[in-house]
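Undergrad: this one's sequence-less:
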Ligand SMILES: Nc1ncnc2c1ncn2[C@@H]1O[C@H](COP(=O)(O)OP(=O)(O)O)[C@@H](O)[C@H]1O
Ligand SMILES: N[C@@H](CCOP(=O)(O)O)C(=O)O
């Protein structure tokens with residue numbers, strides 16, 4: 001795609017990382033979106049935020065979308081004199097639904113569309129920049145590529161394999177956030193060989209379950225690497241996961257939590273009071289540039 005001169009819109013999906021056993025590797029793009037409108041101007045930076053994060057995130061050059069755009073401009077050695085950015089956000093912040101990845105990927109895709117084209121900043125380069133900004137690849141990969149993604153880092157080099165996936169998803173979003181930084185701080189530095197082997201088998205099975213064998217989802221969503229360690233920071237979420245799993249519903253902590261995600265529908269009765277339920281499809285597209293409206 002060639003650079004766009006006028007205002008442009010970028011739509012970028014929420015994502016759920018880990019999916020149980022695939023810590024820092026598996027991710028799924030979800031049909032809940034942030035939308036950015038970006039315009040090159042003659043001077044200065046103007047940021048407006050509507051929806052999630054309004055009144056909370058900064059409106060200057062420390063805004064995550066702006067920082068991400070700046071990372072792309074630096075790499076490309078080209079930047080507009082000024083930028084007007086409007087964010088219309090539906091992805092809740094600090095809930096384990098990849099809001100930071102959506103902001104980063106949205107900013108990078110917008111910057112690419114503004115000053116370059118995919119020939120100068122291809123998806124692999126963009127995935128690398130996004131992974132460097134986010135610190136792990138498992139949310140930015142589905143936010144960029146859509147579908148189910150297996151992402152990994154080889155040395156410092158990020159890579160991802162995308163797979164088609166069509167599975168019903170229900171998410172239960174609690175009212176209070178838990179930052180990913182805090183949830184990562186609860187993890188031990190080392191795990192046992194037995195737990196690593198347990199998760200390797202479940203993660204492999206999960207890819208099969210999500211693409212071809214949904215009857216395996218309960219076994220495939222078991223995890224020993226992160227959820228229990230994080231339960232202290234999100235006891236209600238952990239209890240909800242256990243309650244659903246006892247009833248045969250494949251439920252997990254989404255990303256670093258505290259949202260609970262289940263691969264099922266018709267389970268709204270499990271929703272604790274004050275939490276928000278969304279019924280979501282998998283987003284097959286990832287981040288897209290739309291015609292300006
Ligand atoms: N759309 C956004 N615009 C600006 N900043 C954002 C946006 N989304 C996330 N952030 C920043 O990232 C933080 C949340 O990131 P994180 O703790 O990783 O949670 P999440 O699970 O939602 O990604 C927010 O508190 C905010 O600082
Ligand atoms: N693998 C990461 C995923 C974090 O996802 P988020 O949506 O909570 O940012 C982790 O588990 O820390």
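TA: Received, thanks. Predicted, not measured: the structure shown is a model, and the values here were computed from it. Residues are numbered from 1 along each chain as shown. Ligands and ions are numbered 1, 2, ... in the order given.
Undergrad: Mind telling me what element residue 35 is part of?
TA: strand 22-41 (DSSP states H and E).
Undergrad: ok, the helix or strand that that strand is followed by: who's next to it in the sheet?
TA: Counting by DSSP H and E, the next helix or strand C-terminal to strand 22-41 is strand 44-51. Strand pairing for strand 44-51, determined by DSSP bridges: strand 82-89 (parallel).
Undergrad: buried residues in the partner strand?
TA: 83-89 (16 or more other CB atoms under 10 Å). (Glycine included, C-beta is placed from N, CA and C.)
Undergrad: among the residues you listed, which are in reach of ligand 1?
TA: 87, 89 (CB under 6 Å from any ligand atom).
Undergrad: could the buried residues of strand 82-89 go into JSON lines alongside distance to ligand 2?
TA: Output for the buried residues of strand 82-89, formatted as JSON lines (distance: CB to the nearest ligand atom, whole Å):
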{"residue": "83", "distance to ligand 2": "25"}
{"residue": "84", "distance to ligand 2": "28"}
{"residue": "85", "distance to ligand 2": "22"}
{"residue": "86", "distance to ligand 2": "23"}
{"residue": "87", "distance to ligand 2": "17"}
{"residue": "88", "distance to ligand 2": "20"}
{"residue": "89", "distance to ligand 2": "14"}
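Undergrad: quick check, nearest of the buried residues of strand 82-89 to residue 271?
TA: Using CB to CB, residue 89 comes nearest to residue 271 of those, at 22.4 Å.
Undergrad: How about the residues of the chain by ligand 2?
TA: 17-18, 23-24, 96-98, 100, 136, 138-139, 180, 183-184, 226, 255-256.
Undergrad: go with 5 Å
TA: 17, 24, 96, 98, 138, 180, 184, 255-256 (CB under 5 Å from any ligand atom).
Undergrad: Any stretches of the chain with poor pLDDT?
TA: Scanning the chain for pLDDT under 70 picks out the ranges 1-6, 293.
Undergrad: what residues does it put near ligand 1?
TA: 57, 64, 89, 93-94, 96, 99-100, 103, 179-180.
Undergrad: Quick check on the residues you listed: which are buried?
TA: Buried among those (16+ other CB under 10 Å): 57, 64, 89, 93-94, 96, 99-100, 103, 180.
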